[in-house]
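1. turn this into a structure:
(one chain, ligands or ions: 2)
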Amino acid sequence: MPEVSTASRILSFEDARHCVEEHAATVRPLGTESVELLSAVGRVLGEPIKADRDLPPFPRSTRDGYAVRSADVAHVPATLKVIGEIKAGETFANIPVAIGTGQAAAIMTGAPVPEGADAVAMVEYSSLHGDRVEISRSVLHGENVVPRGAEARSGSVLVESGRRLNDAAIALAASAGRPELRVHKRPRIAILSTGDELIEVDKAPGATEIRNSNSYSLAVQVHEAGGEPFRLPIAPDEPNRLRKLIEQGLEADLLLMTGGVSMGRYDLVEQVLSELQADFFFTGAQIQPGRPVVFGKCGARAPAGEKSGVYFFGLPGNPVSTMVTFELFARPMLEALAGMSPRKLAFVHAKLKTEIKVKPGLKRFLPAILSGEFEDSQVELVPWQGSGDIAATARANCYIVVPTDREMIRPGEFVPITLR
Ligand code: AMP
Ligand code: MG
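-> Ligands and ions are numbered 1, 2, ... in the order given. Predicted coordinates:
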């Protein structure tokens, strides 16, 4: 039996995250497929979306009012002759060829501003008398007009390849005349839960048995992050069967395991992976929950030309640890496999409602509730029984991030959070 590597590599949270990011930057995403515009939402764009014409395609009025020459209304009140009316979608045949000195054209929001005019005076500051309009407020050159091509030039990239498509990106694709888009295929992500105590959801549990919930939370997170989850049968804490299932999992694009990575006698995941010649990049991170998290690659030493290995994560089995470590470490790798451009993890800040006291030394990600209204939002910890407490986490809508060196945080301080 090959020697089992017991050398542990425990990294700070930041180093562990950067380690995953560096590996993620080297992976090649799967190919692309064409999908209908609305089916592309949430998918990762596999081609740039380009503007098929200038945006806006003509100088666009942003107000209802009068297209004017700004010099004509430098001194107000000013009276101008109205020589036409331009509504949105008006054909050029019906638009005055040019606005001359002393002239104006009534214009609606979204309509093209005619030649000669360089601003739009708002209807609120005008009064019409027959074919004369009195303007009571000056406008500057360019005011209330978006010049042709100011938002995007024809042929320029509107949405970069590698972006996850949201409402605005879909709207841009629609405005560029794209009923279909090329998106990356979803990577296949194997999920393997380990533990002798585990049973499947549809079985009646014995007194000391635990239902396998991690495979489900992970399947949801994988899907949401752009992957195709594939749940393997539960692996017992027995090396041969565990090894068979890990080997099966390594046929996917990424393998996520839960449980069996702590220091117990039956925590066999690292041992079996070592037997499979795995490289371990870290075997722990200074965080809570989730300290025993493992990241590595299997099969990287395969002969040149063959698939250069499959990344895996050994996530701690406690259900909250599993969820948190997926978000912090597995997600960036999955997103890279899904074709997404890398992005840094950034925390937002919220005002703390009730005091936090912890032991320093670990960076903590604690289930919390962001509440309040408008600018008065506040965040507080959810009382919990530790990293096995799914019920408390289900009540949470964020995690408070407690820095490694903090022992006590008082109400009123702004604390980093990650929304969930
Ligand atoms: P382990 O990481 O294997 O030491 O497991 C830590 C704790 O998480 C134990 O209480 C396990 O029963 C629990 N656990 C492990 N895997 C799962 C799972 N798939 N679903 C629910 N709980 C789990
Ligand atoms: Mg276990």
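
2. would you map the helices across the stretch 51-200 of the chain?
-> 167-175 (DSSP state H, counting those that start in this stretch).

3. and it, which residues reach ligand 1?
-> Contact residues (CB under 6 Å from any ligand atom) of the stretch 51-200 of the chain with ligand 1: 193, 195, 197-198. C-beta here means a position set from N, CA and C on the backbone, and glycine is covered the same way.

4. contacts with ligand 2 among these, please.
-> Restricting those to those touching ligand 2 (CB under 5 Å from the ion) yields Gly195.

5. pick out the most distant pair among the residues of the stretch 51-200 of the chain next to ligand 1.
-> Ser193 and Glu197 (10.6 Å; CB to CB).

6. before we move on, back to that, so which of the residues of the stretch 51-200 of the chain next to ligand 1 wins on neighbours?
-> Ser193 (26 neighbours; other CB atoms under 10 Å).

7. ok, it - contacts?
-> Contacts were defined as CB atoms under 8 Å, 6 or more residues apart in numbering; by that measure Ser193 touches 212, 214-215, 234-235, 257-259, 317.

8. cool, and Arg182?
-> 32-34, 45-47.

9. and the average pLDDT for stretch 353-373 is what?
-> The pLDDT scores in stretch 353-373 average 97.

10. interface residues of the stretch 51-200 of the chain facing ligand 2?
-> Going by CB under 5 Å from the ion, the residues of the stretch 51-200 of the chain near ligand 2 are Gly195.

11. run a quick neighbour tally on Thr283.
-> Neighbouring residues of Thr283 were enumerated by other CB under 10 Å; the total is 20.

12. what about it, distance to Glu355?
-> Taking CB to CB, to the nearest Å as the measure, Thr283 falls 34 Å from Glu355.

13. check which helix or strand covers the residue in the stretch 201-350 of the chain positioned nearest to ligand 1.
-> Using CB to the nearest ligand atom, Gly317 is the residue of the stretch 201-350 of the chain that sits closest to ligand 1, at 2.7 Å. For Gly317, there is no enclosing helix or strand under DSSP states H and E.

14. what's the neighbour count on it?
-> 26.

15. for it, what are its contacts?
-> For Gly317, the contacting residues are 193-195, 214, 258-262, by CB under 8 Å, 6+ apart.

16. coming back round to it: what about the contacts of Ser193, which are in helices?
-> 214-215 (DSSP state H).

17. any of the contacts of Ser193 buried? List them.
-> Those of the contacts of Ser193 that meet the buried threshold are 212, 214-215, 234-235, 257-259, 317, by 16 or more other CB atoms under 10 Å.

18. how close does the residue lying farthest from the centre of the chain sit to ligand 1?
-> Relative to the centre of the chain, the most outlying C-alpha is that of Gly130, 55.5 Å out, by CA atoms, centre = their mean. Applying CB to the nearest ligand atom, to the nearest Å, the value for Gly130 to ligand 1 is 79 Å.

19. pLDDT wise, what is that residue at?
-> Note on Gly130: pLDDT of 96.

20. kindly report the same for the one 10 residues further on.
-> Looking at Leu140, its pLDDT stands at 98.

21. identify the residue nearest it in space, chain neighbours excluded?
-> Ser70 (6.0 Å; CB to CB, 6 or more residues apart in numbering).

22. burial measure for that neighbour, as a count.
-> 18.

23. over to Asn94?
-> Neighbours of Asn94 (other CB under 10 Å): 10.

24. then Ala368?
-> Neighbour tally, Ala368, other CB under 10 Å: 27.

25. ok, and the closest non-adjacent residue to it?
-> In space, and not counting its chain neighbours, Ala368 is closest to Ile400: 4.4 Å by CB to CB, 6+ apart.
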